[in-house]
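Chemist: Need a 3D model of the following:
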Amino acid sequence: MEEKICHAIEQSCSDLLPGKHCKSKAALVLFALQSEQLMKGEMCAALFAYRKKFIQNFFRPSRLLKACDLGPISSFRTGTIEYLRQVIDESKEGYFSSSTAVSRARIALDNHAFNLVGWTKENTRHGEVFFLNKEKLLRLLLKATNLHELARTESVKISMSIDGADLVRDHTHVSAGIKITDEHGIHPVTKQPLLVVNDDGDEMFVNVQSYHMCSIMIIADA
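Modeler: Take a look at the predicted model:
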């Protein structure tokens, strides 16, 4: 059926628009489809629904959540989502995900991470300390950087990473974890190799952001 419809449209364009380029014909067909003169306006409504679904999928909560998590700290906040929603979805057609939908996606991701990795909390004299399941987390990191098979037969390079910051006056957090530094690995997000060899045989490490390669094992709230 689709083939017959396409053939009919092609034939009609050839008869009505002889000599026109395909690009011009396509623009005119699209203009006609978006008018309310076809099928009592149902064609226009169907195209509108398809466009809306495409935009909703493009700005779906999981993608916005990924933008929040992969960006530098505080670069993409809940307020950012609300402002984008006000601009992109000014007419409130439901094009852009709400901060509530993104929050639900974040909770679902947190629950998934807890089931996948897990963590425990201990109250110490310095404050609360959270411990991630280091064995499960290390396995996931090795798999994400494509080093899990190599690690079965030989050692891979892993570095320790420690960082901290003042949250408010007299209140600090300190985190400790690991960083994948093995030249045989790949970037966990872009899947590009960490070490590139050019035609002359020269080796060069790809410049990647540390927060893409580091994973927290312990975080203390003190």
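Chemist: what's the pLDDT at the residue nearest to the spatial centre of the chain?
Modeler: In the chain, the C-alpha nearest the mean C-alpha coordinate belongs to residue 66, at 3.7 Å (Cα atoms, centre = their mean). Here, the pLDDT recorded for residue 66 equals 75.
Chemist: Residue 167 now?
Modeler: Looking at residue 167, its pLDDT is 68.
Chemist: Then residue 153?
Modeler: Residue 153 is assigned a pLDDT of 90 by the prediction.
Chemist: just residue 102 next, same as before
Modeler: Value for residue 102, per-residue pLDDT: 80.
Chemist: what does the one 4 residues further on give?
Modeler: With respect to pLDDT, residue 106 scores 82.
Chemist: per-domain residue ranges of the protein.
Modeler: 57-116, 118-221 (automatic domain parsing).
Chemist: will you turn these into CSV that also has distance to residue 19?
Modeler: For the C-beta atoms, the positions are set from N, CA and C on the backbone; glycine is no exception. Formatted as CSV, those follow (distance: least, Cβ to Cβ, whole Å):
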stretch, distance to residue 19
domain 57-116, 37
domain 118-221, 47
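Chemist: quick one, which of these is nearest to residue 37?
Modeler: Residue 37 lies closest, by Cβ to Cβ, to one member of the domains of the chain: domain 57-116, at 23.1 Å.
Chemist: how long is that closest one end to end?
Modeler: End-to-end span of domain 57-116 (Cα to Cα, to the nearest Å): 26 Å.
Chemist: circling back: out of the domains of the chain, flag the one nearest residue 18.
Modeler: For the domains of the chain, proximity to residue 18 was assessed by Cβ to Cβ; domain 57-116 is nearest, at 37.9 Å.
Chemist: How far does that closest one sit from its chain's centre?
Modeler: Between the mean C-alpha location of domain 57-116 and the chain-wide mean there is a distance of 10 Å, by Cα atoms, centre = their mean, to the nearest Å.
Chemist: what packs against whatever helix or strand residue 135 lives in?
Modeler: Assigned by DSSP states H and E, residue 135 belongs to helix 134-144. For helix 134-144, the packing partners by 3 or more Cβ pairs under 8 Å, 6 or more residues apart in numbering; DSSP states H and E come out as strand 171-180, strand 214-221.
Chemist: gap between residue 159 and residue 6?
Modeler: Residue 159 sits 57 Å away from residue 6, taking Cβ to Cβ, to the nearest Å as the criterion.
Chemist: What ranges does the protein have for its helices?
Modeler: Taking DSSP state H as the test, the helices found in the chain are 2-16, 22-34, 42-58, 61-70, 78-88, 99-116, 134-144, 210-213.
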